[in-house]
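[1] Build me a structure from this.
(chains A and B)
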Amino acid sequence: MTFVTIVLLACVTFTTRYLFLEGRLPVRLSSNFKQFLSFSGPAVLSAIFVPILLVHDNQLDLSLQNPYLWGGAMAVAAGYRTGSVYWTVGLGTLVFVLVGYVF
Amino acid sequence: MTKGVQTALRKGVVDMLPLSFAVLPWGILFGSIAVQRGFSWFEAQMFSALIFGGAVQIVTVELIADNVSLLTILFTAFVISSRHFLYGLSLRERLSPQPLKWRLGLGFLLTDELFAVSGHRRAYQGRLRLFYALAAGGSFYLAWNLWTFIGIVAGASLPDLTDLGLDFAIAATFIALVIPSIKTLATLVACLAGATAAVVFQLWQFELGLVCAALIGMSAGYVVSKMRGAA
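    Numbers count the residues shown, from 1 in each chain, chains lettered A, B, ... in the order given. Prediction:
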């Protein structure tokens, strides 16, 4: 019975992922809607990473002792200056670890 | 296998590597919760092998163990997974013309993490970029299943790794992908509005928060781009 539930859950997650990749689905995207969708990448990723930096244990943490804030600021600066994934992740993580060690 | 395909596969795995490692604590957490809540190791592994979702697995494994009704379980999974509709819609133009086996395979692998590395303006165009996505998504799948397995066999004897700060790697990688893509005021506004809404929703513990925050960000970006287009 548990296995059946797992398979049904797999159907739910797969459907949400696959549905709009199916060409036979009669959905035409207007140019306005495509323009709206062009913001999905930046909007979704920001909506995922900013709460990781600012919300801990369901509390807003804007204190200067929050290493996520310092690491995040460094990563944003490095991403802006270098545009390189490796520098951004590397420098951001370095600052995150150092600040976490100090406090 | 041509040299080009090999390079594309390797790049896909390497680009995904920080994210593959960043989810280690959650894979282990899931595996150990599943075993603690009385699931067999086979069932626990099948969650990761078939459902392949982080939050959705951790939430539904608790609901099943608490004997919540099937309909509630499936609906909860649907709500948590609904953000994927957005990814499918965004990639529809590129992926819907591809052969069925690519659509099924990449559709199955379409997680937040694969969507995150799909931002290139020519993503999924041409065979090599499909192989790149397959390697990125596929290596993430293998990593998630390996972490689950470790959680199943050793979870009880491992400390809780989720407060180790590995989630910072997810944030840093996403920053690395987002910041260079901000080239217009509209994109900047989309990011700021989406992020602000996401923080508020997270504090409210609103289940549909991520989807709603993304839609708010996208709307804000769209409105700004229209206003600037008209000006």
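[2] what sits against residue B:177?
    Taking C-beta atoms under 8 Å, 6 or more residues apart in numbering or on different chains, we find residue B:177 in contact with A:41, A:45, A:85, B:116-117, B:119. No exception for glycine: its C-beta is placed from N, CA and C like everyone else's.
[3] Pick out the most distant pair among the residues you listed.
    Largest separation among the contacts of residue B:177 by C-beta to C-beta: A:41 and A:85, giving 14.8 Å.
[4] ok, the two, which is more surrounded?
    Each of residue A:41 and residue A:85 has its neighbours counted (other C-beta atoms under 10 Å in any protein chain shown); residue A:41 has more, 26 against 20.
[5] Can you mark which positions in the host helix or strand of residue B:139 are buried?
    In this assignment (DSSP states H and E), residue B:139 forms part of helix B:127-154. By neighbour count on 16 or more other C-beta atoms under 10 Å in any protein chain shown, the buried set for helix B:127-154 is B:128-141, B:143-152.
[6] Could you report the neighbour count for the closest residue to residue B:127 other than its chain neighbours?
    The spatial neighbour of residue B:127 that comes closest, neighbours along the chain excluded (C-beta to C-beta, 6 or more residues apart in numbering or on different chains), is residue B:5 at 7.6 Å. Neighbourhood size, residue B:5 [other C-beta under 10 Å]: 16.
[7] Low-confidence ranges, chain B, go.
    For chain B, applying pLDDT under 70 flags the ranges B:230-231.
[8] one more time with 80
    B:1, B:156, B:162-164, B:229-231 (pLDDT under 80).
[9] The spatially most central residue of it and chain A, how far apart?
    Centroid-nearest residue in chain B: residue B:112, 2.1 Å away (criterion: C-alpha atoms, centre = their mean). The span separating residue B:112 from chain A equals 6 Å under the rule C-beta to the nearest C-beta, to the nearest Å.
[10] If you tally nearby residues, what's the number for the residue lying closest to that residue once chain neighbours are set aside?
    Excluding the flanking residues, the one nearest residue B:112 by C-beta to C-beta, 6+ apart is residue A:48, at 6.4 Å. Residues lying near residue A:48 (other C-beta under 10 Å) number 23.
[11] what residues are up against residue A:48?
    B:112, B:170, B:174, B:198, B:210.
[12] what about the host helix or strand of residue A:88, distance to the chain center?
    Per DSSP H and E, residue A:88 falls inside helix A:85-102. Distance of helix A:85-102 from its chain centroid, counting by C-alpha atoms, centre = their mean, to the nearest Å, is 18 Å.
[13] Please apply the same query to stretch B:61-78.
    Taking mean C-alpha positions (C-alpha atoms, centre = their mean), stretch B:61-78 and its chain are 21 Å apart.
[14] ok, now stretch B:204-222?
    That offset, for stretch B:204-222, works out to 16 Å (C-alpha atoms, centre = their mean).
[15] close to chain A, is it?
    Yes. Stretch B:204-222 lies within reach of chain A by C-beta under 8 Å from any C-beta of the partner chain, at B:205, B:210, B:213-219, B:221-222.
[16] any chance you could map the strands in chain A?
    For chain A, applying DSSP state E gives strands covering A:55-56, A:59-60.
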